[in-house]
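In: starting from these lines, generate the structure:
(chains A and B)
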Protein chains: 2
Amino acid sequence: MIGEIIAIGDELTSGRIANTTSRFAAHHLFAAGHEIVAMHTIGDTPELIGEALKRAIRRADFVIVTGGLGSTTDDLTNEAVTRALNRQSILYPELLEKIRARLRENHNQDNGLEKLAWLPEGAEILTDKRMAGYMLVHDGVPIFFLPGVPSQMKHLLVEEVLPRLATWTGNNRKHVRLRVYRTFGLPELEINRLLSDIEKTKRVKIGYYPVDCEVHVSLTILGRDDDEARRLFEEMDSAITRILGDAIYGIDRETMAMVVGRLLQESDRTIGVAESCTGGLIASKITEIPGCSNWFTGGVVAYANSVKESLLQVDHDLLIRYGAVSDPVAEAMARGIGRCTGAPVTLSVTGIAGPTGGSEEKPVGTVYFGLGFDGNISTHLYRFSGNRKAIQEHAAMTGLDMVRRTLLDERKARGPQFPEPPVRELVDDDTTQCTGNREY
Amino acid sequence: MIGEIIAIGDELTSGRIANTTSRFAAHHLFAAGHEIVAMHTIGDTPELIGEALKRAIRRADFVIVTGGLGSTTDDLTNEAVTRALNRQSILYPELLEKIRARLRENHNQDNGLEKLAWLPEGAEILTDKRMAGYMLVHDGVPIFFLPGVPSQMKHLLVEEVLPRLATWTGNNRKHVRLRVYRTFGLPELEINRLLSDIEKTKRVKIGYYPVDCEVHVSLTILGRDDDEARRLFEEMDSAITRILGDAIYGIDRETMAMVVGRLLQESDRTIGVAESCTGGLIASKITEIPGCSNWFTGGVVAYANSVKESLLQVDHDLLIRYGAVSDPVAEAMARGIGRCTGAPVTLSVTGIAGPTGGSEEKPVGTVYFGLGFDGNISTHLYRFSGNRKAIQEHAAMTGLDMVRRTLLDERKARGPQFPEPPVRELVDDDTTQCTGNREY
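Out: As a prediction, the model looks like this:
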């Protein structure tokens, strides 16, 4: 089905807040075989909201509207809908009862929340849970109104909207296959050149997306039937995998740290990291992964030289003679973190992230890596460009990629293995909306 | 002026890539006094691009179009423009010369890049630099076509588009003042209630935006003249600052780590951090800040218990008797990191980020903090909810906020001080686009 997405809120049109929900919706709708032809972001202006909604109803098979359903004064979606679609605002007694019960429970006197019990006539409430969200069918087009709070919107999209769309009559969805290849180390134009033949294949679409210092390549198959889609997908997938080789570090939603973790577990090794200029970014990327305690022992953020000495036992003379950003210090850091974590694989990073601290000999962007593998330590010098954040990100990814390639080489030396490709997850609950209470 | 933004690319409508450029543009255009009424994201389909462009020209005083200007086969913006606006595609010889020179320089045979020298008739090239981007005036409406690469788009918007718009005739921009108050620790509805009176003031607009575990409050003044705007802004600013008090940790683009760093420097102290469940996230937030070496000595990511013992000298018996996630271990970690970094302020975090590892007594989300201040250590227990990432983010922010409040209390005890509010930066070069070369 062809869909449009409308996100509502002055916080979006003024650039105050990044619109993450539209992207999430587009991603999952696309993966479910729907095509999103346009996404709109409209401020809190009922007239413009109504106009966008009416236009979308004319063009699309379904519409998703997010935001503006809350109780604060700038939440105007329902007002816009009732006006644009000529519907009355109706009190939903079951909603009112729930809201009142909740207010009583929290000893809350705020009657403003009762506004949430009024919905446009014909609205079908999407969930029993404590969140706004309803469906309205207008001129045969289902319109889903979802809250702007990312966690709620994502939950409702996956649990309520996708199933309803899948069973919607008149559903003539295409036979789509999608895979994303995440690459590191090859420039975008080079990848484009390598895949130029594949690009010419009918019903095959290749996209190139630089993301930070990676390039993601998407393969989309739009088959005329399921058999053709499957056949084409398998053919193109193996071609791309062959052509790009180890430059592909992961597929779909796999991160570099996830892949490093998988390889470490396969080789039954753990890793410890010693970071200076990346300042904990590598450890943080690692510890994002659930279960990383199986392969990550710990790390040191040795920012001050005194900490390099005290925690990593880097020789004082070495720091004086060569400077903290040097080959010997990177090596000593990699050795030191191995000593105190007991990990057979170690990674150290020391460099100049800027904006100050550079010299002619060692400009901003100069980064030394130490890589320890079963006691052997190699060092590597890179020069990155960009601002502080870009240098830190590039250095962190480069370090993790070194570990990945070392483990891959070792696996190849051990002989062929064909691990299962990871299962593609539909729901990425990557929200950081959170609640918490201090206990004492 | 009233503007619309159109972002182009299948990578956006399929949800593959987050659209960060539209938000950046909206933010800066808004700050410059323009009003963005709608933002659209359109796939790589020339018909839909043309339709959106023509509609925007009818409704808006200016239009920004981003993406689709590159040399790969899915870059179709120029084709869409020439068709929709009935303009010929013209070869720009000066562009061609530059492209050829660059190809020669890089020993590159790829003639595909020469496509970039063809632009719609009437296009005015925006910059001499090596990036695409041009302006076209259609029916009196300036349309700016910018590359989709975030760093280039941001550069051109700030350096070329904003100055051109500022001097555009017929410019009747409003007198706008904008400030964002970043709060931590108060629920959104409570803030809404506290500011309900201010909200009723004419020409004053208050917005509420939950971002991760923070709530950002925006104050927008739309004055009839500059004097009124300034007067109203000062009045409202001091009211909000008084009402929300210490719950405001920063304004505009200040991060929690920046504020902690400023307070540490004011008090002439440094900090060291010992992280278990946050896994380097706190250190990483700190080391994002340029110049943090003045107030950050270093950290330990003590993920495995053995590392808590070896690096932080946490007593083995303590770990056995109370478990790693406990009050005594948080305290010992805060003491240990003080010992090895020499920092007078220390922060330790140990908890269960999930999704596994919880128990009835200590469910997922249980986090103990240790806070050391000049040798005195206090411990604090929180329970957070959400997924792994949310718990890590909330714990990191809570830990930093503890340090902030402790330093604020101490400053108050020292007597009143009125530091200058930080200067608002127009250009946030927060891109992580990066390039880099291996040196050996």
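In: show me the contacts for residue A:312.
Out: Residue A:312 makes contact with A:274, A:300, A:302, A:332, A:333, A:336, A:337, A:340, according to C-beta atoms under 8 Å, 6 or more residues apart in numbering or on different chains. Yep, even glycine has a C-beta here, placed from its N, CA and C like the rest.
In: kindly reformat those residues as JSON lines containing pLDDT, neighbour count and secondary structure.
Out: Shown next, in JSON lines, are the contacts of residue A:312 (pLDDT from 0 to 100; neighbours: other C-beta atoms under 10 Å in any protein chain shown; DSSP: H, G, I helix; E, B strand; the rest coil):
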{"residue": "A:274", "pLDDT": "98", "neighbour count": "32", "secondary structure": "strand"}
{"residue": "A:300", "pLDDT": "97", "neighbour count": "33", "secondary structure": "strand"}
{"residue": "A:302", "pLDDT": "94", "neighbour count": "31", "secondary structure": "strand"}
{"residue": "A:332", "pLDDT": "97", "neighbour count": "25", "secondary structure": "helix"}
{"residue": "A:333", "pLDDT": "98", "neighbour count": "33", "secondary structure": "helix"}
{"residue": "A:336", "pLDDT": "96", "neighbour count": "26", "secondary structure": "helix"}
{"residue": "A:337", "pLDDT": "97", "neighbour count": "31", "secondary structure": "helix"}
{"residue": "A:340", "pLDDT": "90", "neighbour count": "21", "secondary structure": "helix"}
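In: the residues you listed also near chain B: which ones?
Out: Counting by C-beta under 8 Å from any C-beta of the partner chain, A:300, A:302, A:340 from the contacts of residue A:312 sit close to chain B.
In: what residue, apart from its backbone neighbours, is nearest the last one spatially?
Out: Once its chain neighbours are removed from consideration, residue A:340 has its nearest residue in residue B:310; the separation is 4.9 Å (C-beta to C-beta, 6 or more residues apart in numbering or on different chains).
In: tally of neighbours for that neighbour?
Out: When counting by other C-beta atoms under 10 Å in any protein chain shown, one arrives at 19 neighbours for residue B:310.
In: for residue A:219, see how far away it is.
Out: 46 Å (C-beta to C-beta, to the nearest Å).
In: what ranges does the stretch 1-150 of chain A have for its strands?
Out: A:2-8, A:35-42, A:62-66, A:89-91, A:118-120, A:124-125, A:134-138, A:141-146 (DSSP state E, counting those that start in this stretch).
In: of all the ones you listed, which lies closest to chain B?
Out: Proximity to chain B, assessed across those by C-beta to the nearest C-beta, is greatest for strand A:35-42 (3.9 Å).
In: ok, residue A:273 to residue A:282 distance?
Out: Residue A:273 is 5 Å from residue A:282, by C-beta to C-beta.
In: pLDDT weak spots in the stretch 301-440 of chain A?
Out: Low-confidence segments of the stretch 301-440 of chain A (pLDDT under 70): A:416-440.
In: neighbours around residue A:205, how many?
Out: Residue A:205 has 17 nearby residues by other C-beta under 10 Å.
In: what residues are bridge-paired with it?
Out: residue A:220 (DSSP bridges).
In: can you check the one 10 residues further on too?
Out: On the basis of DSSP bridges, residue A:215 takes part in beta bridges with residue A:183, residue A:210.
In: wait, it touches residue A:190, no?
Out: No - the pair residue A:215 and residue A:190 fails to qualify as a contact (C-beta atoms under 8 Å) at a distance of 9.1 Å.
In: okay, those two: which has more neighbours?
Out: residue A:215 (23 against 15).
In: any idea how far residue A:240 is from the more buried one?
Out: On the measure of C-beta to C-beta, residue A:215 and residue A:240 end up 13 Å apart.
In: same check on residue A:310?
Out: Residue A:310 is 48 Å from residue A:240, by C-beta to C-beta.
In: stretch A:132-141 near chain B anywhere?
Out: No - applying C-beta under 8 Å from any C-beta, one finds stretch A:132-141 separated from chain B by no less than 14.1 Å.
In: and the contacts of that stretch?
Out: Residues outside stretch A:132-141 that contact it (C-beta under 8 Å, 6+ apart): A:57, A:60-63, A:69-70, A:81, A:85, A:87, A:116, A:119-120, A:122-127, A:142-147, A:152, A:156, A:160, A:164.
In: make it 6 Å
Out: Stretch A:132-141 is contacted from outside by A:57, A:69, A:85, A:119, A:122-126, A:142-147, A:156, using C-beta atoms under 6 Å, 6 or more residues apart in numbering or on different chains.
In: just the C-alphas of that stretch, formatted as CSV.
Out: Below are the C-alpha coordinates for stretch A:132-141, written out as CSV (Å, rounded to 0.1, in the frame of the first residue of the first chain):
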residue,chain,number,x,y,z
ALA,A,132,-3.4,8.1,23.2
GLY,A,133,-3.9,6.8,19.6
TYR,A,134,-6.9,6.1,17.4
MET,A,135,-7.9,5.1,13.9
LEU,A,136,-10.3,6.9,11.7
VAL,A,137,-11.5,5.8,8.2
HIS,A,138,-12.2,8.6,5.9
ASP,A,139,-13.2,8.1,2.2
GLY,A,140,-12.1,4.5,2.6
VAL,A,141,-8.6,5.5,3.7
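In: can you give me the buried ones in it?
Out: Judged by neighbour count using 16 or more other C-beta atoms under 10 Å in any protein chain shown, the buried positions of stretch A:132-141 are A:132, A:133, A:134, A:135, A:136, A:138, A:141.
In: how about the residue nearest to residue A:380 when sequence neighbours are not counted, secondary structure?
Out: Excluding the flanking residues, the one nearest residue A:380 by C-beta to C-beta, 6+ apart is residue A:369, at 4.5 Å. What DSSP: H, G, I helix; E, B strand; the rest coil gives for residue A:369 is strand.
In: what residues are bridge-paired with residue A:66?
Out: residue A:7, residue A:146.
In: show me where pLDDT drops low in the stretch 101-250 of chain A?
Out: Looking at the stretch 101-250 of chain A by pLDDT under 70, you get A:108-111, A:169-175.
In: if you set the cut-off to 80 instead, what comes out?
Out: The model of the stretch 101-250 of chain A has pLDDT under 80 over residues A:102-103, A:105-114, A:129-130, A:166-178, A:207-211, A:222.
In: can you pull the residues of it lying near chain B?
Out: Proximity of the stretch 101-250 of chain A to chain B, by C-beta under 6 Å from any C-beta of the partner chain, involves residues A:192, A:207, A:208, A:209, A:212, A:213, A:218.
In: in PyMOL, how would I select just the buried ones from the residues you listed?
Out: The following PyMOL line selects those of these that are buried, judged by 16+ other C-beta under 10 Å:
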select buried, chain A and resi 192+207+208+209+212+213+218
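In: just the element for the residue of chain A most remote from its centre, please.
Out: Computed with C-alpha atoms, centre = their mean, the residue of chain A farthest from its C-alpha average is residue A:317, at 43.5 Å. Following DSSP states H and E, one finds residue A:317 within helix A:316-322.
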